[in-house]
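*Asks:* model this:
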Amino acid sequence: MKLKLFTAGLLFIAAGSVHAQDLLKGEVRERGNNQKISNAFIHDINSNAMTLVDQNGNFAIHSATGHTLIITSPGYVTDTLFVTDMTLKKITMTVQSIALKQVNITDTRKTFDPHEEYPDVYQKSKVYILSPSSWFGKEAHDARRLRRYFEMEQEQQKVDEAFNEGYVSSIIPLKGQELEDFMTLYRPSYKFIINNNRVSMAVYINDCYKKFEALPPDKRTLQRLSSD
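*Replies:* Got it, this is the predicted structure:
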């Protein structure tokens, strides 16, 4: 009997230890200048757990060894982390000058829909009058942060669809790196996209091209990061 109780106690302690260790912590910084990145989205594709990096560049996510984390942030190249242990992780992300995306009308891939892919986030982000935890609880607070992040991602997706490489290059005579730099410098806002049509977009691109041509050569080229 004592042996059984002792064994059960060990199992309980082991289970508690595993539970305590499944919270993976780390920080996210920009490659090259070591600046902390806030609001990066981290997704464990094995467990579907997710979190956002806080304003100090730190994060904590429930994960386990053998899992894979995907780290994304607007303006940075998506990074991947394979969890080999639960020690503090230091993730560095590379600045992406621009993500050139050309809309292909024959493409049958589904557009990113966070409502469909992460319904729990939207459910937990709701506020109920008679539920204090929905107002002040950490889980609800984190869910609302994720919801806002998804909304911003969808807005930027709309900008990418309207201000894409194929359309811009059909209006102005730029290609390659020059086109990439131009699109980064004069990327329109989401508000501009939803309040303007195709004609006004063409006028905007032409006006921006004149400004681009008037810039000194060193102002047309974005700063490049040297590889570590």
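
*Asks:* now the longest helix that the chain contains: mean pLDDT?
*Replies:* Longest helix in the chain by number of residues, with DSSP state H as the criterion: helix 138-162. Averaged over helix 138-162, pLDDT sits at 83.

*Asks:* In terms of secondary structure, what does that helix contact?
*Replies:* Secondary-structure packing of helix 138-162 (3 or more C-beta pairs under 8 Å, 6 or more residues apart in numbering; DSSP states H and E): strand 41-44, strand 50-52, helix 114-117, helix 119-124, helix 132-136, helix 190-194. Every residue, glycine included, has its C-beta placed from N, CA and C.

*Asks:* Return the distance of stretch 56-76 from the chain's centre.
*Replies:* Relative to its parent chain, stretch 56-76 has a centroid offset of 10 Å by C-alpha atoms, centre = their mean, to the nearest Å.

*Asks:* Convert that stretch to PDB, retaining C-alpha atoms only.
*Replies:* Written as PDB, here are the backbone C-alpha positions of stretch 56-76 (Å, rounded to 0.1, in the frame of the first residue of the first chain):
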ATOM      1  CA  ASN A  56       9.200  44.700 -24.100                       C
ATOM      2  CA  GLY A  57       9.900  42.000 -26.800                       C
ATOM      3  CA  ASN A  58       9.100  39.100 -24.400                       C
ATOM      4  CA  PHE A  59       6.700  36.200 -24.800                       C
ATOM      5  CA  ALA A  60       5.400  33.100 -23.100                       C
ATOM      6  CA  ILE A  61       3.600  30.300 -24.800                       C
ATOM      7  CA  HIS A  62       2.500  26.800 -23.900                       C
ATOM      8  CA  SER A  63       4.600  24.400 -25.900                       C
ATOM      9  CA  ALA A  64       6.700  21.200 -25.700                       C
ATOM     10  CA  THR A  65       9.800  19.700 -27.100                       C
ATOM     11  CA  GLY A  66       9.300  18.500 -30.600                       C
ATOM     12  CA  HIS A  67       6.900  21.300 -31.400                       C
ATOM     13  CA  THR A  68       7.400  23.900 -34.100                       C
ATOM     14  CA  LEU A  69       6.800  27.600 -33.600                       C
ATOM     15  CA  ILE A  70       6.100  30.100 -36.400                       C
ATOM     16  CA  ILE A  71       7.000  33.700 -35.700                       C
ATOM     17  CA  THR A  72       5.500  36.500 -37.900                       C
ATOM     18  CA  SER A  73       5.600  40.200 -37.600                       C
ATOM     19  CA  PRO A  74       4.700  42.900 -40.200                       C
ATOM     20  CA  GLY A  75       7.900  44.100 -41.900                       C
ATOM     21  CA  TYR A  76       9.900  41.100 -41.000                       C
END
